[in-house]
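Asks: Got a predicted structure plus its sequence, pasted below:
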Amino acid sequence: MSAYGKRSKMLDSTDRLTADLERGPVRVTDAIVSVLADAGVRHVVGLPGGYTGDLFAAMHDHPDLRVVQVREESIG
């Protein structure tokens, strides 16, 4: 994809986020997940913990993202 295509896609994401903001408050986690999905991310693998719980919950709720959560082996 050309740099122009990426830029165009980024502008589309910004337009969608702006439209969401005009409808009312948007959670930061939902905005992050929307940008990831608009950028073409389809799979997320991560180790949840700490302050990432809300972000993982938003990713699980998004219909276009497949989230795989792993765990630390030392925990059991």
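Replies: Structure's in. What do you need? Residues are numbered from 1 along each chain as shown.

Asks: Report the contact partners of H62.
Replies: Listed by CB atoms under 8 Å, 6 or more residues apart in numbering, the contact set of H62 reads 33-34, 37. Using the backbone N, CA and C atoms, a C-beta is placed for each residue, glycine as well.

Asks: ok, now V67?
Replies: By CB under 8 Å, 6+ apart, the contact set of V67 is 43-46, 56, 59-60.

Asks: Beta-bridge partners for it, please?
Replies: Here V67 sits in beta bridges with V44, as judged by DSSP bridges.

Asks: So for it, what's the pLDDT?
Replies: What the model reports for V67 is a pLDDT of 94.

Asks: How much space separates it from A37?
Replies: 12 Å (CB to CB, to the nearest Å).

Asks: cool, D54 as well?
Replies: Using CB to CB, one obtains 17 Å as the distance from D54 to A37.

Asks: for V28, same thing?
Replies: In this structure, V28 and A37 are 15 Å apart, going by CB to CB.

Asks: Between these two, which is the more surrounded one?
Replies: The neighbour comparison of V28 against A37 (other CB atoms under 10 Å) goes to A37, with 17 against 10.

Asks: Nearest residue to that one in space, please, no chain neighbours.
Replies: Excluding the flanking residues, the one nearest A37 by CB to CB, 6 or more residues apart in numbering is D64, at 4.8 Å.

Asks: what helix or strand is the one you found on?
Replies: Assigned by DSSP states H and E, D64 belongs to no helix or strand.

Asks: Tell me, how many residues neighbour it?
Replies: Neighbour count of D64, defined by other CB under 10 Å: 12.

Asks: same question, L36
Replies: By other CB under 10 Å, the residues close to L36 number 19.

Asks: With D38 instead?
Replies: For D38, using other CB under 10 Å, the count is 17.

Asks: Which stretches in this protein count as strands?
Replies: Using DSSP state E, the strands of the chain run over residues 43-46, 66-69.

Asks: Can you mark which positions in the last one are buried?
Replies: The neighbour-count criterion (16 or more other CB atoms under 10 Å) identifies V67 as the buried residues of strand 66-69.
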